[in-house]
Structure formats: C-alpha cells, structure tokens
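Engineer: Structure, please.
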Amino acid sequence: MTSVGPPVVAGLVWLSVLSAPAVALVRPLEQQSGPSAVEGLHRPFDDILDLYVRDGLVYYLALRNERARFDRYVQSLGDVSAGTLSSWPRERQLAYWINAYNAFVLRTVIDHYPIRGKSAEYPANSLRQVPGAFERRTFRAGGRSVTLDAIEQDVVATFNDPRALLALSRGAQGGPRLKSEAFTAERLDAQLETMQSELVTRRELVFVDIANERLSVNPLFSWREEAFANGLAQHAADVYATRSPLERAVLALIEPLLVPNEREYLRNNTFRMAFHDFDWRLNDLTGR
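Structural biologist: Next up, the predicted model:
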C-alpha cells in the first residue's frame, strides 16, 4: 500500500483530496471502485454510530441486542477484496481502515458483553480482559485476515498521517473518543483535524501542568512512538531542537492549539514530559 503524501505545514495542516460526489449504488460492491462504493459501504456504520454513541461512550447493551445490521456491516468489510481496496484513492482506503478498526473493536466488545474479567491488571470491564483482543483475535478486511494491532501498526501507520492513529478507538475511556459518525474520504482531513484538536481539551490525552512543570501525555504516544516521531518531529519549533523526537512530535501536534499562556510556558523549555496512566475502563454508556 502506498502512503499518504507528506504534510504541508501551516501550524500543522494536511492537504485533503477532493472527491467526486457520491451517487446511488447500482452495481455490486466488488465491481465498483468509485466514491459510491465506499460511501454506500460505510453508510450503515454512520447510522449505527449516530444511534449508539454519545460523546465517545457506547450503548453496548443496546448494540448487542440489536446487532443484526451491525453484523451485516462487519461482514461487508470482509467482502472488500484487496484489488478493490487498492483501486480506491488513498483517502478512501484510510477511511476504510479506520472504520474497520473501530467496528472490530465494537464487535469484540459486544461478542463478550458484559465483560467481567478477573485479571487484576485491568478494570473488570476492560476490553483488555478479553484474551488476545488486540493481538490475536482476527477479522476479515481488505482481502485478508487482520488483528486490531495489525491494522494499527501495519496498515494505518503506513499512511504517514499520525492523526489517523488518534482516530482509532480502543474501547476505553482513556483514549481518543469514538466519533458518532463514520470516517469518509470527502471529510477525512476535517475529521482528523477534530481528533487532533481534542488532544488539548481532554486531560486524559494531554495536559499542560504548569504548576508541576510537566507536560502530561497519554501513553498512546509512547506505544506508537516511531509513527508519531517519524511523521511529526520535524515540524516542531526550533526552540525544541534538543528534545527527543517523540517530545517534538507531541509538541508539533498540540502547540498550535494551546492557549497563549500554555504555549508561552512550553516555549520556556523547562518542562519535563511524562506519561500518565491509561484508563482502560470500557467506554460503556449503558446504565448511565
């Protein structure tokens, strides 16, 4: 798979590619390579997310009890062959893989819901209580069998847009929030900008702790250090030249979004960056 072209910096901005408007599906998915095939493919997922997701939390019980349409969508992801996928523009491919990852997380949760694990390492309802949820459980997508980790590390990361890693929901309260809409090629850049903007509005992701002279960062960045550093470190301000590649990557992502006093504090370059604990509690809205 070829990767998305390099970012163009104005703060931190990526160019999006304009696509033709979607039209009604008139042929089987396997025979199509244009916008209608992809938009038609993800429209059910868009409806499902709109119905069951609120502020990143999911009505998992309702989704499990009313899963027929969702299961058909998951099946449709597996019906897309490698040849069909490779014929799509890169933005459509990336939207496909982001949606697939998020759908497979939801599928894993409802297949085991309610999760009542016994490992003391994670919360009882955590997706991490499902053995091999990320590294062993396989799904069919793009003409092959893939795990969640494989989609993230071997597919999404190769598009060279680190913002896409922020679009992957891990079924946890500590990560980026699951959107109430599917990702689409036409809106992909704007949707990824939204995920980037969320970094500075939630302490679970990034927190400029001036009182303690610390930049507190989600461990997600350390888990995918290479992808973030390779894609973003070169865009950090010169004042951070002595910082590590990962520190520069985080700063490149967040600095354009900070309020002036936070930006000024970081530019003094006296802070230390630390990773806080990840909240693996299930992002479940049921019963709230």
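Engineer: Name the residues of the longest helix along the chain that are buried.
Structural biologist: Secondary structure of the chain per DSSP state H: the longest helix is helix 90-112. Buried residues in helix 90-112, counted by 16 or more other Cβ atoms under 10 Å: 90-110, 112. Quick note: C-beta positions are derived from backbone N, CA and C, even for glycine.
Engineer: other SSEs contacting it?
Structural biologist: helix 35-52, helix 60-65, helix 68-78, helix 82-87, strand 139-141, helix 148-150, helix 188-197 (3 or more Cβ pairs under 8 Å, 6 or more residues apart in numbering; DSSP states H and E).
Engineer: as a whole number, average confidence for that helix?
Structural biologist: Average pLDDT, helix 90-112: 99.
Engineer: Using PDB, list the CA coordinates for that helix.
Structural biologist: C-alpha atoms of helix 90-112 as PDB (Å, rounded to 0.1, in the frame of the first residue of the first chain):
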ATOM      1  CA  ARG A  90      -5.700   6.800  -0.500                       C
ATOM      2  CA  GLU A  91      -8.100   8.900   1.500                       C
ATOM      3  CA  ARG A  92     -10.800   6.300   0.900                       C
ATOM      4  CA  GLN A  93      -8.500   3.500   1.800                       C
ATOM      5  CA  LEU A  94      -7.600   5.200   5.100                       C
ATOM      6  CA  ALA A  95     -11.200   5.900   6.000                       C
ATOM      7  CA  TYR A  96     -12.000   2.200   5.300                       C
ATOM      8  CA  TRP A  97      -9.300   1.000   7.700                       C
ATOM      9  CA  ILE A  98     -10.200   3.500  10.400                       C
ATOM     10  CA  ASN A  99     -13.800   2.400  10.200                       C
ATOM     11  CA  ALA A 100     -12.900  -1.200  10.100                       C
ATOM     12  CA  TYR A 101     -10.700  -0.900  13.300                       C
ATOM     13  CA  ASN A 102     -13.400   0.900  15.200                       C
ATOM     14  CA  ALA A 103     -16.100  -1.600  14.000                       C
ATOM     15  CA  PHE A 104     -14.000  -4.500  15.000                       C
ATOM     16  CA  VAL A 105     -13.500  -3.100  18.500                       C
ATOM     17  CA  LEU A 106     -17.200  -2.700  18.900                       C
ATOM     18  CA  ARG A 107     -17.700  -6.300  17.600                       C
ATOM     19  CA  THR A 108     -15.200  -7.600  20.100                       C
ATOM     20  CA  VAL A 109     -16.900  -5.900  23.000                       C
ATOM     21  CA  ILE A 110     -20.500  -7.000  22.100                       C
ATOM     22  CA  ASP A 111     -19.300 -10.600  21.500                       C
ATOM     23  CA  HIS A 112     -18.100 -10.700  25.100                       C
END
